[in-house]
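S.K.: below is the sequence, then the predicted model.
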Amino acid sequence: MIHREETEPERTPKRIRKNPYVPHLAASRFRPTHDWPISEARRLYQTNSSDFLDVVDYEDCIEGMRRLEPESIDCIVADPPFGLSFTGMEGIYNRDYRYVKRGYREALGDYAEFSRKWISELPRIMKNVATAWIFSGWTNLFEILEALKDSELNLVNHIIWRYQFGVYTERKFVTSHYHLLFLSKSKSEYYFNKIQHYPLDVWEINRTYRKGEVKNATKLPGELVRRCLDFTTKPGDVVLDPFMGNGTTALIAKANFRHYVGFEVNESMKKIIEANVSSVRAGESYLPYSEREQEEIVKRAREKYGPPASQ
């Protein structure tokens, strides 16, 4: 009998850390790519002035965008009509019809053709470094993606916005998310300000409802629009919203030292949009990202450990 000497397999030596792992250390040391003190943000906002800025025109966005100058827009935030049999008055959405402004217009006919027409207008008016955000439910996502294939825009990210609840269903899962398509004109030179150490492509932001507030069918949360602008615009930049709705994009842009341009076909919303935008002062919500991050750290610490002990 031949006995073979048994030897242990050679082991790869374990990598030894030079420094011990400290949870959240990288995040605590992270600094945004770009940041501006309030004085500089205000200067950039005031420096950019033109007759076409900070105006909402009440007309079809396709005709309106054709009048805009080439390469005049820094960022686009678009929440187009659903393309469904939707009026904003539906009881399944728990809406009080008295607070839904009449005049909301859906996209009639072929939704794919509708999407192709308005999306095809975007590249011409976008600066080379400009970006766009297109919001979509799952029911017409395919048509929008197909329209984007025929455009000159590049899909950078597909963000999922998850909110707290959806419309009750009997024989299928409740939809509690929305799609945000993050697009660029240039494949490599688009503006992106990394304001978080580890930004994920799933955003959990609650829908906001204010009882007794008149609105145009649906309303995006201000926090959602602000997050889009935080990552892809600078103070003084021009933000276009082709479907202005309730004026949320204009309000958030103005409150954060950004300029806005918009279109809305529902003329009955004019007084409401003007009142919403007039309710904020230019830059009143602006805060440098470094200061905002410190506030978030304190907030998370209080949520985890409770308020600090009294002295």
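M.R.: Arrived safely, thanks for sending. Numbers count the residues shown, from 1 in each chain.
S.K.: how close does residue 271 get to residue 72?
M.R.: Distance, residue 271 to residue 72, using Cβ to Cβ, to the nearest Å: 27 Å. Every C-beta, even on glycine, is put in place using the N, C-alpha and C of the backbone.
S.K.: with residue 41 instead?
M.R.: From residue 41 over to residue 72 the distance is 21 Å, taken as Cβ to Cβ.
S.K.: also residue 43?
M.R.: To residue 72, residue 43 is 21 Å away according to Cβ to Cβ.
S.K.: which of the two has more neighbours?
M.R.: Set side by side, residue 43 and residue 72 show more neighbours around residue 72, with 17 against 14, by other Cβ atoms under 10 Å.
S.K.: skipping adjacent residues, who's closest to that one in space?
M.R.: Nearest residue to residue 72, sequence neighbours excluded (Cβ to Cβ, 6 or more residues apart in numbering): residue 125, at 5.7 Å.
S.K.: contacts for stretch 172-184, please.
M.R.: Outside stretch 172-184, the residues within contact range by Cβ atoms under 8 Å, 6 or more residues apart in numbering are 130-138, 141, 144-145, 148, 153-169, 190, 203, 228, 232.
S.K.: before we move on, which element is the residue nearest to the spatial centre of the chain in?
M.R.: For the chain, residue 228 is the residue whose C-alpha lies nearest the centre (Cα atoms, centre = their mean; 3.2 Å). Applying DSSP states H and E as the criterion places residue 228 in helix 222-232.
S.K.: tell me how far that helix lies from the chain's centre.
M.R.: Here helix 222-232 is found 5 Å from its chain centre; the criterion is Cα atoms, centre = their mean, to the nearest Å.
S.K.: just checking, which helix or strand succeeds it along the chain?
M.R.: strand 238-241.
S.K.: what's the next secondary structure element after that following strand?
M.R.: Per DSSP H and E, strand 238-241 leads on to helix 248-255 as the next helix or strand towards the C-terminus.
S.K.: what is that following helix packed up against?
M.R.: Contact here means 3 or more Cβ pairs under 8 Å, 6 or more residues apart in numbering; DSSP states H and E; on that basis helix 248-255 packs against helix 222-232, strand 238-241, strand 259-263, helix 270-278.
S.K.: go again using 10 Å as the cut-off
M.R.: Applying 3 or more Cβ pairs under 10 Å, 6 or more residues apart in numbering; DSSP states H and E, one finds that helix 248-255 contacts strand 55-57, strand 73-78, helix 222-232, strand 238-241, strand 259-263, helix 270-278.
S.K.: in CSV, list those along with mean pLDDT and distance to residue 291.
M.R.: Shown next, in CSV, are the helices and strands packed on helix 248-255 (pLDDT from 0 to 100; distance: least, Cβ to Cβ, whole Å):
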stretch, mean pLDDT, distance to residue 291
strand 55-57, 97, 31
strand 73-78, 98, 23
helix 222-232, 97, 13
strand 238-241, 98, 22
strand 259-263, 98, 23
helix 270-278, 95, 25
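S.K.: between those, which gets nearest to residue 35?
M.R.: For these, the distance to residue 35 is smallest for helix 222-232, at 10.9 Å, taking Cβ to Cβ.
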